[in-house]
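Colleague: Below is the structure, and that's it, no one-letter string:
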């Protein structure tokens, strides 16, 4: 009997989208594309049952519970929105007003309700990703 091959992180995300049945699937796919295009050191995987994006380059040592490598985690809400959670979003200098959230910790968030919103704010989203990357404590 042949051993089943483990999927790569990118293949896991591809499989997630193949199985996804959600009215905002196209919007989430566009978000994926925009985030990955923001910088070549952004990688993806499935974390907390959703497509998530992280910094794949070298970093100074840190406690994994600080989530310093994690950039953003997507979360689909029933049929009406996509919530992007930035675990360490408080480090981002953001002037577009896109990044918000009322968290008592380091998180920030963005909510999208349509593909038009994603398209209209695509440059702001990529700038947020690049700003976050500029704060990474590289090795």
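Modeller: Yep, it's here. Not measured: the values here are computed from a predicted model.
Colleague: Quick check: end-to-end length of stretch 114-127?
Modeller: Taking CA to CA, to the nearest Å, the first and last residues of stretch 114-127 lie 20 Å apart.
Colleague: What pairs with the one helix or strand residue 46 maps to, parallel or antiparallel?
Modeller: Assigning secondary structure by DSSP states H and E places residue 46 in strand 42-47. Partner strands and pairing direction for strand 42-47 (DSSP bridges) are strand 50-55 (antiparallel).
Colleague: Please compute how far the partner strand lies from its chain's middle.
Modeller: Its chain's average C-alpha position is 5 Å from that of strand 50-55, according to CA atoms, centre = their mean, to the nearest Å.
Colleague: Would you mind identifying the next helix or strand past it?
Modeller: Tracing the chain past strand 50-55, the next element assigned as helix or strand by DSSP H and E is strand 70-77.
Colleague: for the helix or strand just after that next one, packing partners?
Modeller: With elements assigned by DSSP H and E, the helix or strand that comes after strand 70-77 is strand 81-86. For strand 81-86, the packing partners by 3 or more CB pairs under 8 Å, 6 or more residues apart in numbering; DSSP states H and E come out as helix 25-38, strand 70-77, strand 108-112. Yep, even glycine has a C-beta here, placed from its N, CA and C like the rest.
Colleague: residues making contact with the strand holding residue 46?
Modeller: If you take CB atoms under 8 Å, 6 or more residues apart in numbering as the criterion, strand 42-47 is touched by 9-10, 12-13, 16, 32, 35-36, 51-56, 70-71, 73, 129, 133.
Colleague: pLDDT averaged over that strand - what is it?
Modeller: Across strand 42-47, pLDDT averages out at 96.
Colleague: How far away from the center of its chain is that strand?
Modeller: 8 Å.
Colleague: so it versus helix 25-38, what angle?
Modeller: Relative orientation of strand 42-47 and helix 25-38, computed by axes from the mean of the first three to the mean of the last three CA atoms, to 10 degrees: 140 degrees.
Colleague: For strand 42-47, buried residues please.
Modeller: Within strand 42-47, the residues that count as buried by 16 or more other CB atoms under 10 Å are 42, 43, 44.
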